[in-house]
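In: show me how the following folds:
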Amino acid sequence: MGSFGRWSAYGSLGRTIRLMFLSTNLLAMMLALAVLVYGSWLYHNRAQYAVLLAPSLYIDVSRIMILVGLMAIINSLAAVYAVLKELRCMIFTFTIASFIIFIMLLIGGMMGLVFRYKLMYQIPLNLKMLTSLRELYGIDDSIGSADSEELTYAWDSLQANFKCCGINGTDDYHVWRTSKWYMHQKAPKKSLPESCCIPGKEVECVKHDLSRPLNSTLFYTNTCYMPLKTDLLEVVHIAAIMSIVSSIVLLIPAGFAAFYACLIQK
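Out: Residues are numbered from 1 along each chain as shown. Okay, here's the model as predicted:
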């Protein structure tokens, strides 16, 4: 009766605990997959802007999400096998690994919250953007810094993706005429980079005289500072909350698995 009693892995309690484990483990696995996918998306679509600001903790957050999400999925799959085969040692290993993953993912989420705080109150993003635009955009690596090509790509991606031009306030699209990129050009000079131009209007746009009345049909007139800042605050907030919630949920199946392992009598 001991092996098949109510308080054994084969009894009513054991079957209930095993069902609870499988259910919560499926939920945890789905959240881990969401963490992996979102971390990959965040890295792929926002990593290029890291050169415009520092510290760029959100890139580290995305990397943690990718790594830990993958680890969590593998760990959860191994746990299902261990529980179905009633491998006590493997189940306890899963429990310990889940706790380690919990800590790693929780740290990633806290890093995301720290980055949001720094971006809101400490990082002078507008000054960093202004300096990079004026000093490094479009400068050859031979006369500029080694990061100038990466920074040029970041600015072009930013303006094209967010449909904006310039930085903020008085440093709108006119700021390009104060940049080294503009000063180092040979005549005839381009007034604006092509990333500021509305698709299909590049030829007229780059030749437009910025001293003439505004022509919003040729180039973007919205500035880039607030769209970038707002976007980063939003995507990092989602990453932080997703990481913290997922880290806590991962502990639930680990607890059920450990309890089930204690019921296995071998």
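In: contacts for the lowest-mean-pLDDT helix or strand in the chain?
Out: When each helix and strand of the chain is scored by mean pLDDT, DSSP states H and E, helix 202-206 comes last, with a mean of 86. Contacts to helix 202-206, defined as Cβ atoms under 8 Å, 6 or more residues apart in numbering, come from residues 190-194, 196-198, 218-219. Every C-beta, even on glycine, is put in place using the N, C-alpha and C of the backbone.
In: could you point out which element follows the helix or strand Met20 falls within?
Out: If you go by DSSP states H and E, Met20 is part of helix 12-46. Next helix or strand after helix 12-46 toward the C-terminus (DSSP H and E): helix 57-84.
In: show me what that following helix is packed against.
Out: helix 12-46, helix 88-121, helix 225-263 (3 or more Cβ pairs under 8 Å, 6 or more residues apart in numbering; DSSP states H and E).
In: distance to Ser132 and mean pLDDT added to those helices, as a markdown table?
Out: Listed next are the helices and strands packed on helix 57-84 as a markdown table, based on distance: least, Cβ to Cβ, whole Å; pLDDT from 0 to 100:
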| stretch | distance to Ser132 | mean pLDDT |
| --- | --- | --- |
| helix 12-46 | 16 | 94 |
| helix 88-121 | 16 | 95 |
| helix 225-263 | 12 | 95 |
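In: turn those helices into TSV, columns for mean neighbour count.
Out: Listed next are those as TSV, based on neighbours: other Cβ atoms under 10 Å:
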stretch	mean neighbour count
helix 12-46	18
helix 88-121	18
helix 225-263	20
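In: can you tell me how far the nearest residue to Tyr43 once chain neighbours are set aside sits from Leu42?
Out: Among residues not flanking Tyr43 along the chain, Ser62 sits closest, at 4.0 Å (Cβ to Cβ, 6 or more residues apart in numbering). The gap separating Ser62 from Leu42 is 4 Å, by Cβ to Cβ, to the nearest Å.
In: find residues that contact each of those two.
Out: With Cβ under 8 Å, 6+ apart, Ser62 and Leu42 have common neighbours Ala239.
In: doesn't Ala154 lie inside a strand?
Out: No - counting by DSSP: H, G, I helix; E, B strand; the rest coil, Ala154 is not found in a strand; it is helix.
In: around it, how many other residues sit close by?
Out: 22 (other Cβ atoms under 10 Å).
In: and for the one 4 residues further on?
Out: As a burial measure, the neighbour count of Leu158 was computed by other Cβ under 10 Å and equals 20.
In: same question for the one 10 residues further on.
Out: Other residues lying near Asn168 total 18 when counted by other Cβ under 10 Å.
In: enumerate every residue touching it.
Out: Asn168 touches 126, 223-226, counting by Cβ under 8 Å, 6+ apart.
In: before we move on, the earlier item: which parts of the least confident helix or strand of the chain are buried?
Out: For helix 202-206, burial by neighbour count (16 or more other Cβ atoms under 10 Å) applies to 202, 205-206.
In: now do stretch 149-165
Out: Residues 151-152, 154-156, 158-165 are the ones in stretch 149-165 that count as buried (16+ other Cβ under 10 Å).
In: quick one: residues contacting the residue lying closest to Asp60 once chain neighbours are set aside.
Out: Once flanking residues are discounted, Asp60 sits nearest to Met111: 6.2 Å by Cβ to Cβ, 6+ apart. Met111 sits next to 57, 60-61, 64, 240 when contact means Cβ under 8 Å, 6+ apart.
In: out of the buried residues of stretch 149-165, who's nearest Glu86?
Out: Glu86 has its nearest neighbour among those in Asn161, at 52.2 Å by Cβ to Cβ.
In: distance of that closest one from Gln48?
Out: 9 Å.
In: distance check, the residue positioned nearest the centre of the chain against Leu57.
Out: Nearest to the geometric centre of the chain sits Leu42, at 3.2 Å (Cα atoms, centre = their mean). Distance, Leu42 to Leu57, using Cβ to Cβ: 12 Å.
In: equivalent analysis for Lys189, please.
Out: Distance, Lys189 to Leu57, using Cβ to Cβ: 38 Å.
In: which of these two has more neighbours?
Out: Leu57 (20 against 13).
In: pretty sure that one is touching Gly112, no?
Out: Yes - between Leu57 and Gly112 a contact is recorded at 7.3 Å, counting by Cβ atoms under 8 Å.
In: right, I'll call it a day here.
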